[in-house]
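Asks: Test case, fold it:
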Amino acid sequence: MTRPAPLRAACAGAVILLALAAGSGPGRAADLAKGRKIAAVKCAMCHGLDGQAKVPGAPNLSGQVEQYLAVQLKAFHDGVRKNEMMSLVAPTLSEDDMADLAAYYAGVEVTIGKVPGE
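Replies: The predicted structure follows:
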């Protein structure tokens, strides 16, 4: 039996909140250089090396909160969240890879070059 949409959303929200509350723990520090290398090979075609989406439907990743990115990658990795492309890429990532990617994209500075109407 399929759960009603509000219940699925509540369950997904609870999983994300638990993951955020758990934090990254006393593990190793993220390796930004490694995150950039992984991004260049596995992510840049859709999300850009700069974190700015290159294809319709792919979200911008630059400037997102690191923990949010880590939780989303983990959800794709574990099959909790589904997307045709991410369901192929995320399972190939290790826990360290996901942490490195999240740290890398979160660290990309977002600047505004032009504000519409100004």
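Asks: Which of the helices or strands spans the nearest residue to residue 109 once chain neighbours are set aside?
Replies: The shortest distance from residue 109 to any non-neighbouring residue, by CB to CB, 6 or more residues apart in numbering, is to residue 63 (7.2 Å). (C-beta placed from N, C-alpha, C; glycine too.) According to DSSP states H and E, residue 63 maps onto no helix or strand at all.
Asks: wait, what's in contact with residue 63?
Replies: By CB atoms under 8 Å, 6 or more residues apart in numbering, the residues touching residue 63 are 51, 106, 108-110.
Asks: And the pLDDT at the nearest residue to residue 76 once chain neighbours are set aside?
Replies: Distances taken as CB to CB, 6+ apart put residue 90 closest to residue 76, at 3.7 Å, once the chain neighbours are dropped. On the pLDDT scale, residue 90 is placed at 98.
Asks: From residue 116, how far out is residue 90?
Replies: Residue 90 sits 34 Å away from residue 116, taking CB to CB, to the nearest Å as the criterion.
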